[in-house]
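Q: requesting a structural model of the entry that follows:
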Amino acid sequence: MDGSVCVPNTCHICLKEILERQGHPITEEQAWALCYQLCTLLKDYSIDQLGRLIYYCLDWGLDHDVERDLHEALALLVCRMINVNPRTDASLLPIGLPEVIQVCEDRLDGTAQAAHHYKTVCSLLFSETIELYHYIQSYKTCIKVHAWKYVVEEIQSREPLRPCSRTFPSNAYRPPEKLFPFDQLKQVIESKQYTLRKVQVSERKLRERTKEEPCLHERLMAEIRTTDPLELFASCKRRRAVCSCCSNRSQFFTWHNTCSRCDRVVCPSCCVKMRVPYKWCMDLPITFFRKIVLRQSAERDHSHFWRERLSWDCTKVPLVLEALALGSCSQHSLAMRGWHSQDLCIECQGLLEETCETGAFVNCVTGTREI
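A: A predicted model of the protein is given here:
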């Protein structure tokens, strides 16, 4: 990510600087082009490093609670490159550089057209970044030149300088300097404002302090000092890898699915995708929604979704709850492309379904967490 790419007759620029200059993540077409170009040029890099680099460019600048909806083919290719299944913790079939290049070429008609198209996309991204950089530099230069030109014009006009009318007398009041406590005590002793009296020192001995039992804070600090930091880190990581609903543990790494209502970590099997047409619909009361729960096969979910959609009441806002582990890619998922989505655990899903059926409000759901 930090390595620069050398372009003949131009300059060196790294991919991180391109993202910073553009101010937004790359598009899906640019991701395909980068994937093809990197796999054909960088033969020494591992496929896992290239996959994580493409994923970083697609996710650059987004908040941790924002999930980007990618095309199924691109998302599957990135997951196979980093060897992680987005639905479960199971690993996918490994993929090599030739297979990645073949997948990129299959999107277009032929090898020659794919090489020309992807090279053109990368060249446009580079040229746009260079033009933006030159524009910013020229704008800064114009500001400096304009300010200096204004100063030169004032000097050339020979406008006389006005004398300063403000005078400071020699006996003007000056605030006292701030002295340290030691200096203050020294001034008091030198001024002899107070008479010090003699103190007779007795030869008595101080009593030895009895050894008391350490308090709770001291015992806790002693336990922390004697505990290995690696064991503490491993125990915290194990606790984070446990699902809050089914208590299953992650085999590889911690899950990134977090319920937007109760802020608990859940596994993909216990995670539900909640979708509404617009983001501001999340602030509406629960009585404005009509739920569609998709729990069956892809074919049944497809027919159920369109049956509910055709007989829809225009006064209600559609609220679709779909299991994340199903991974449905049918026409009804394409119809919801671009909808605002949030992760929800199965326990909050049951509470939400019960609330939608009864039409009553829940006391613990307030503010922006109306649904």
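Q: now do residue 75, the pLDDT please.
A: Residue 75 is assigned 88 on the pLDDT scale.
Q: let me redo that: residue 38
A: Per-residue confidence (pLDDT) for residue 38: 88.
Q: give me the phi and psi for residue 244.
A: Here is the backbone geometry of residue 244 (degrees, to the nearest 10): phi -80, psi -10.
Q: what distance do you get for it to residue 352?
A: Separation of residue 244 from residue 352 (CB to CB, to the nearest Å) stands at 17 Å. C-beta here means a position set from N, CA and C on the backbone, and glycine is covered the same way.
Q: residue 62 too?
A: Note on residue 62: its distance to residue 352, by CB to CB, is 26 Å.
Q: repeat for residue 314
A: 22 Å.
Q: if you count what's nearby, which of the two comes out ahead?
A: Higher neighbour count among residue 314 and residue 352: residue 352, with 23 against 5, using other CB atoms under 10 Å.
Q: my guess is residue 295 contacts residue 323. True?
A: Yes: judged on CB atoms under 8 Å, residue 295 makes contact with residue 323 at a distance of 6.1 Å.
Q: for these two, indicate the residue with more neighbours.
A: residue 323 (21 against 13).
Q: which ones are touching that one?
A: The contact partners of residue 323, by CB atoms under 8 Å, 6 or more residues apart in numbering, come to 271-273, 294-295.
Q: so which of those residues comes closest to residue 101?
A: Distance to residue 101, by CB to CB, is smallest for residue 273 among the contacts of residue 323, at 32.3 Å.
Q: elements contacting the strand or helix carrying the closest one?
A: Under the criterion of DSSP states H and E, residue 273 resides in strand 271-276. If you count contacts as 3 or more CB pairs under 8 Å, 6 or more residues apart in numbering; DSSP states H and E, strand 271-276 packs onto strand 317-323, strand 340-345, helix 346-358.
Q: if you set the cut-off to 6 Å instead, what comes out?
A: strand 317-323, strand 340-345 (3 or more CB pairs under 6 Å, 6 or more residues apart in numbering; DSSP states H and E).
Q: need the contact partners of it.
A: Outside strand 271-276, the residues within contact range by CB atoms under 6 Å, 6 or more residues apart in numbering are 257, 319-324, 336, 339-344, 349.
Q: 8 Å - rerun?
A: 257, 259-260, 282, 289, 317-325, 336, 339-346, 349, 352, 371.
Q: kindly report the same for stretch 64-75.
A: Applying CB under 8 Å, 6+ apart, the set of residues contacting stretch 64-75 from outside is 25, 28, 31-32, 58-59, 62, 78, 86, 103, 107, 258, 260, 329, 337-338, 341, 343.
Q: my guess is residue 61 contacts residue 19. True?
A: Yes: using CB under 8 Å, residue 61 is in contact with residue 19, at 7.3 Å.
Q: neighbour count: these two, which is higher?
A: Applying other CB under 10 Å to residue 61 and residue 19 shows that residue 19 carries more neighbours, namely 18 against 11.
Q: quick revisit: the strand holding residue 273: what's the following helix or strand?
A: strand 289-294.
Q: hmm, back to that, weakest of the helices and strands packed on strand 271-276 by average pLDDT?
A: Sorting the helices and strands packed on strand 271-276 by mean pLDDT places strand 317-323 lowest, at a mean of 83.
Q: that strand pairs with which strands?
A: If you go by DSSP bridges, strand 317-323 pairs up with strand 271-276 (antiparallel), strand 289-294 (parallel).
Q: quick one: the last one to helix 346-358, angle?
A: Looking back up the chat, that one is strand 289-294. Angle, strand 289-294 to helix 346-358, by axes from the mean of the first three to the mean of the last three CA atoms, to 10 degrees: 130 degrees.
Q: how about strand 289-294: buried residues?
A: Within strand 289-294, the residues scored as buried using 16 or more other CB atoms under 10 Å are 289, 291-294.
Q: make a markdown table out of those residues and add distance to residue 131 and pLDDT.
A: Conversion of these to a markdown table gives the following (distance: CB to CB, whole Å; pLDDT from 0 to 100):
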| residue | distance to residue 131 | pLDDT |
| --- | --- | --- |
| 289 | 47 | 83 |
| 291 | 49 | 81 |
| 292 | 47 | 81 |
| 293 | 50 | 82 |
| 294 | 46 | 80 |
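Q: show me which of these is closest to residue 47.
A: Nearest member of the buried residues of strand 289-294 to residue 47, counting by CB to CB, is residue 294, at 34.2 Å.
Q: picking that back up, would you reformat the strands paired with strand 317-323 as CSV and include distance to residue 39?
A: Below are the strands paired with strand 317-323 laid out as CSV (distance: least, CB to CB, whole Å):
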stretch, distance to residue 39
strand 271-276, 31
strand 289-294, 37
